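K.L.:
Just the structure for this:
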Amino acid sequence: MQALYAHAARDLRLAPVGTPAPGPGEVRVRIARGGICGSDLHYFHNGGFGSVTLREPMILGHEVAGFVDSLGPDVTGLRAFAMAGDRAQAMKVKLEFAAC
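P.N.:
Now for the predicted structure:
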């Protein structure tokens with residue numbers, strides 16, 4: 001798996017990251033699409049916004065959608081790679097799930 005890191009203004013680098021197994025009550029989502037929001041643009045153009053600045057490399061992107069790829073222990077009501085797929089949408093750290 002790879003992620004796009006912002007190191008400084010106009011310094012983006014694609015780098016490998018681990019693919020952890022989901023823990024109890026967690027799911028792993030295979031990202032299909034991602035959006036770029038205003039804060040991502042501020043990090044790219046200016047290295048941050050207001051008093052919020054990059055102090056270390058940071059993975060950009062938090063508005064994503066994908067498919068449930070694997071389930072951790074104690075997860076119920078979802079299926080990993082079901083025939084129609086279970087869709088997942090993540091906005092910031094809130095996850096919402098709906099069956100197709």
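K.L.:
For the protein, which segments are assigned as helices?
P.N.:
Assigned by DSSP state H, the helices in the chain fall at 38-46.
K.L.:
where are the low-confidence patches of it?
P.N.:
The chain contains residues with pLDDT under 70 at 80-100.
K.L.:
make it 80
P.N.:
Segments of the chain classed as low confidence (criterion: pLDDT under 80) are 61-63, 78-100.
K.L.:
middle-most residue in it, spatially?
P.N.:
Nearest to the mean C-alpha position of the chain, counting by CA atoms, centre = their mean, stands residue 62 at 5.3 Å.
K.L.:
Next, count neighbours for the residue nearest to residue 6 when sequence neighbours are not counted.
P.N.:
On the basis of CB to CB, 6 or more residues apart in numbering, the spatially nearest residue to residue 6 that is not a chain neighbour turns out to be residue 43, at 4.6 Å. (C-beta placed from N, C-alpha, C; glycine too.) By the criterion of other CB atoms under 10 Å, residue 43 has 20 neighbours.
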